[in-house]
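fold the following, please.
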Amino acid sequence: MVVVGADVHKWTHTFVAVDQAGRELGHRTVGAHSAGHQQVVAWARERFGVDVVWAIEDCRHLSARLERDLLTAGQQVVRVPPKMMAEQRRIARTRGKSDPIDAAAVARAALREPDLPIASHDEGSRELKLLVDRRDDLVKHRTATINRLLWRVHELDPAWAPKPGSLDLAKHQQILAARLAGRAGIVAELAREELADVIELTGRVNQLEQRISVLVAQVAPTLLAMPGVGALTAAKLVGEAAGITRFKSEAAFARHAGIAPIPVWSGNTRGRVRLTRSGNRQLNTAIHRIAVTQIRLDGLGKTYYEKKKAQGMSTSEALRCLKRRLARVVFNHLTTDHATASTDLAQAA
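Predicted structure coming up:
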């Protein structure tokens, strides 16, 4: 087996092929476009045959197009976390930094860790991720605009200030618009323009939420029925998981989400663990929201949380245990939804 590591940049991608012992077999640099990706696939097939695994440093936007083109060409692709590549480069005998050195480090990191997540070409999860990311960007933009607007309103008349967190509602937008309508001056003019921006952004956010809700109900109905999981949280989980079948187990999924604890014991401190701050923080945040919601509701989540606190755990420790348990439940629901969708497609065919 040959592993081809990729060091990705905005305009070019550099590839280095290594054998199972980590020895370099060749390298190639191509343009960061589909034609260049086809060239490097042809080069790998000609030089090394079909038993090739592509290891890509997981750089999101920089590597997304390359990953899709490789999967479309029928190649096997694994994602290598940047921190893993950096560690491999640090301990390598070769000094310095260059694109071939980095690409070789990616390939050797993949050799050292054979259980890395396998990339998959899942259009449903990708569409949800793009829609959720776009909604998040619009919400951030709306929040920044509301903050500026509130200072304008405070300057005009502090008594006009709407209730905190209410300017995403049409009722309070209309009340503020009526108050600003008859006010002269540049501050009032800017406030009216910013309020119009808030109203427009709110409409776009609501449209995206409706689209996401319809799509996630089709893709993940089992996950959506889980207590504490709304449409946006379910969409975040599906989009960030990017194909649940690429994880070999629920433990690998929990590790990817940064929820699995890190052992920190030696000798008499056997059994101690600590919180991990690595992993996919978007997945971690989504599962954290589920855990916090379930603690407030009567059900298995709250019962488990109270049980851990009764055993002497602190609030944060019990919450981490609940999140680890929920990671297993989420993995099982995503697996069930994927199997159901695959069965439906097979029956339709």
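
okay, strands next: where are they in the stretch 201-349 of the chain?
262-263, 273-274 (DSSP state E, counting those that start in this stretch).

what sits against Arg28?
By Cβ atoms under 8 Å, 6 or more residues apart in numbering, the contact set of Arg28 is Thr14, Phe15, Gln39, Val40, Trp43. Yep, even glycine has a C-beta here, placed from its N, CA and C like the rest.

got the phi and psi for the second one?
With angles defined as degrees, to the nearest 10, Phe15 shows backbone torsions of phi -120, psi 140.

for the stretch 101-250 of the chain, just list every one of the helices.
123-156, 170-181, 186-219, 221-224, 231-241, 250-256 (DSSP state H, counting those that start in this stretch).

so of these, which one's packed in deepest?
Per-residue neighbour counts averaged over each of the helices of the stretch 101-250 of the chain give the maximum for helix 231-241, namely a mean of 25 (mean count of other Cβ atoms under 10 Å).

who does that one touch, helix- and strand-wise?
For helix 231-241, the elements it packs on are helix 123-156, helix 186-219, helix 221-224, helix 281-296, helix 315-348, judged by 3 or more Cβ pairs under 8 Å, 6 or more residues apart in numbering; DSSP states H and E.

got the angle for it vs helix 123-156?
Here helix 231-241 runs at an angle of 130 degrees relative to helix 123-156 (axes from the mean of the first three to the mean of the last three Cα atoms, to 10 degrees).

okay, the contacts of Arg28 in JSON lines with pLDDT, secondary structure and distance to Arg255 next?
Shown next, in JSON lines, are these (pLDDT from 0 to 100; DSSP: H, G, I helix; E, B strand; the rest coil; distance: Cβ to Cβ, whole Å):
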{"residue": "Thr14", "pLDDT": "92", "secondary structure": "strand", "distance to Arg255": "29"}
{"residue": "Phe15", "pLDDT": "94", "secondary structure": "strand", "distance to Arg255": "27"}
{"residue": "Gln39", "pLDDT": "93", "secondary structure": "helix", "distance to Arg255": "35"}
{"residue": "Val40", "pLDDT": "92", "secondary structure": "helix", "distance to Arg255": "30"}
{"residue": "Trp43", "pLDDT": "92", "secondary structure": "helix", "distance to Arg255": "34"}
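
what secondary structure does Val16 sit in?
Secondary structure state of Val16, per DSSP: H, G, I helix; E, B strand; the rest coil, is strand.

and Arg79, by the same measure?
strand.

point out where the stretch 101-250 of the chain drops to low pLDDT.
121 (pLDDT under 70).
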